[in-house]
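Enquirer: no sequence for this one, just the structure:
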């Protein structure tokens, strides 16, 4: 993608720098600066997180820079070309300390990958070594440290108010068309679609929600995760739980309250980017950074398919009307359709020649639509009619810049596809005729998320700067606008004095 804000916001979000940029330093950190552990240093709680952030990228099982793998305690202690880098009880004689304190070319992390470790972290590692470099009781020395860290992760408490706006990656209308659920920072927020009032907050384990869909029974499926660390697909009942108050807003616990957080369908090593529900509501599909498509049979809760059909991240999913075919959009520059019955790929559409971010299939199942980094919304043949399957039928239109999301309302009499893009607009199209209907403007930043209400009367767009706008489909007029960042107050605009 053009510029520094690639759609893989995931990559940027891995670093603490962007978290601070988006949300400010969490209040708990500002108020209570860490002074390090008061008792013995824990390897898994204190040392492993430092290694993960600074060392694992070069010393995982694949790269093994210097023949040193650090993904398990056992392999860390085996060492690489210089044997065990730790001398228990003697930090000053340990190679690990020499490497993290070096000012020469052998410094770790290397100069070209980042700054040296802060003195506080070096002191913590030294203290752990001086205390014997012990592994915590109950942890197998062969255990994967990333998994052990995931198990122990606890999401931060919700902030009463955000200093900076939260960028919107996903939103969805509730089944009654009256509310909009927006993905936030370790939370979902529920807003009145008419007034823009914040009605509820739902704490989540996932740092980011990237895709959401309501099930026929009113439960909410959310795909997301912590970029570069874990991903998940979880089912919530956002109408359950005993609410507390955070920032003056009723808040329910989607992390520990089992009446709210109902089920985790899958956990992965990086974010899950998309979910889709079959038209009959019986099958659910997900996909993301691991390139795998997973399809569940919802009545039984069992995975029916695990498909590797793309060479890179999968950004978008859509079921065909028959529920037997699944369309996908990928960073490998293709859109594809998979036959779930035959368990084989039906077609590949390569015409974008750049990352494809979203995909849809028309209500009659005959046409596919896709959009992506090339700024185009393209229509193509989704069946083998006239032996033209996978062939482009027309370029429906353009945003002029990258097109991030596409959603569809399958009303046979009034079919609508909505797209959102880096041009700051939401556009409405007739997916069958391949014609433009409306351009909905007002956003001043990239629009990463778009949703259509179940009745097809409203469309919402969510932007990088946290702004959500809701329009009426019939006339394109704005129904409401709000910033989906609880407690955020935009800075006052100071006008420059007029020149005399």
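Expert: Structure received. Predicted, not measured: the structure shown is a model, and the values here were computed from it.

Enquirer: Quick one: the strands in the stretch 101-250 of the chain, in order.
Expert: Along the stretch 101-250 of the chain, counting by DSSP state E, counting those that start in this stretch, strands occupy 171-173, 179-183, 187-192, 198-203, 208-214, 220-226, 230-236, 244-246, 249-253.

Enquirer: Give the pairing partners of the fifth one; include direction for each.
Expert: So that's strand 208-214. strand 220-226 (antiparallel) (DSSP bridges).

Enquirer: any idea of the angle the partner strand forms with strand 198-203?
Expert: Our comparison of strand 220-226 with strand 198-203, counting by axes from the mean of the first three to the mean of the last three C-alpha atoms, to 10 degrees, yields an angle of 60 degrees.

Enquirer: of all the strands of the stretch 101-250 of the chain, which lies closest to residue 383?
Expert: The closest of the strands of the stretch 101-250 of the chain to residue 383 is strand 208-214. By C-beta to C-beta, the value is 25.1 Å. Glycine gets a C-beta too; all of them are placed from N, C-alpha and C.

Enquirer: Report the distance from that closest one to the chain centre.
Expert: 8 Å (C-alpha atoms, centre = their mean, to the nearest Å).

Enquirer: Which strands and helices lie in contact with the longest helix along the chain?
Expert: Longest helix in the chain by number of residues (criterion: DSSP state H): helix 119-130. Helices and strands touching helix 119-130, by 3 or more C-beta pairs under 8 Å, 6 or more residues apart in numbering; DSSP states H and E, are helix 48-54, helix 95-101.

Enquirer: follow-up on the earlier one: can you lay out the strands of the stretch 101-250 of the chain as a markdown table showing distance to residue 372 and mean pLDDT?
Expert: Output for these, formatted as a markdown table (distance: least, C-beta to C-beta, whole Å; pLDDT from 0 to 100):
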| stretch | distance to residue 372 | mean pLDDT |
| --- | --- | --- |
| strand 171-173 | 20 | 98 |
| strand 179-183 | 21 | 98 |
| strand 187-192 | 27 | 98 |
| strand 198-203 | 31 | 98 |
| strand 208-214 | 16 | 98 |
| strand 220-226 | 19 | 97 |
| strand 230-236 | 22 | 97 |
| strand 244-246 | 38 | 97 |
| strand 249-253 | 36 | 98 |
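
Enquirer: Dump these into JSON lines; add distance to residue 448 and mean neighbour count as well.
Expert: Shown next, in JSON lines, are those (distance: least, C-beta to C-beta, whole Å; neighbours: other C-beta atoms under 10 Å):
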{"stretch": "strand 171-173", "distance to residue 448": "9", "mean neighbour count": "25"}
{"stretch": "strand 179-183", "distance to residue 448": "10", "mean neighbour count": "25"}
{"stretch": "strand 187-192", "distance to residue 448": "16", "mean neighbour count": "23"}
{"stretch": "strand 198-203", "distance to residue 448": "20", "mean neighbour count": "22"}
{"stretch": "strand 208-214", "distance to residue 448": "9", "mean neighbour count": "24"}
{"stretch": "strand 220-226", "distance to residue 448": "13", "mean neighbour count": "26"}
{"stretch": "strand 230-236", "distance to residue 448": "18", "mean neighbour count": "23"}
{"stretch": "strand 244-246", "distance to residue 448": "25", "mean neighbour count": "13"}
{"stretch": "strand 249-253", "distance to residue 448": "24", "mean neighbour count": "20"}
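
Enquirer: between these, which one is nearest to residue 138?
Expert: Nearest to residue 138, of the strands of the stretch 101-250 of the chain and by C-beta to C-beta, is strand 230-236 at 21.2 Å.

Enquirer: so what's residue 51 up against?
Expert: 70, 76, 145 (C-beta atoms under 8 Å, 6 or more residues apart in numbering).

Enquirer: I'd guessed residue 68 sits against residue 80; true?
Expert: Yes. The pair residue 68 / residue 80 is scored as a contact, 3.1 Å apart, by C-beta atoms under 8 Å.

Enquirer: Neighbour count for the two, which is higher?
Expert: Using other C-beta atoms under 10 Å, the more surrounded residue of residue 68 and residue 80 is residue 68, with 23 against 18.
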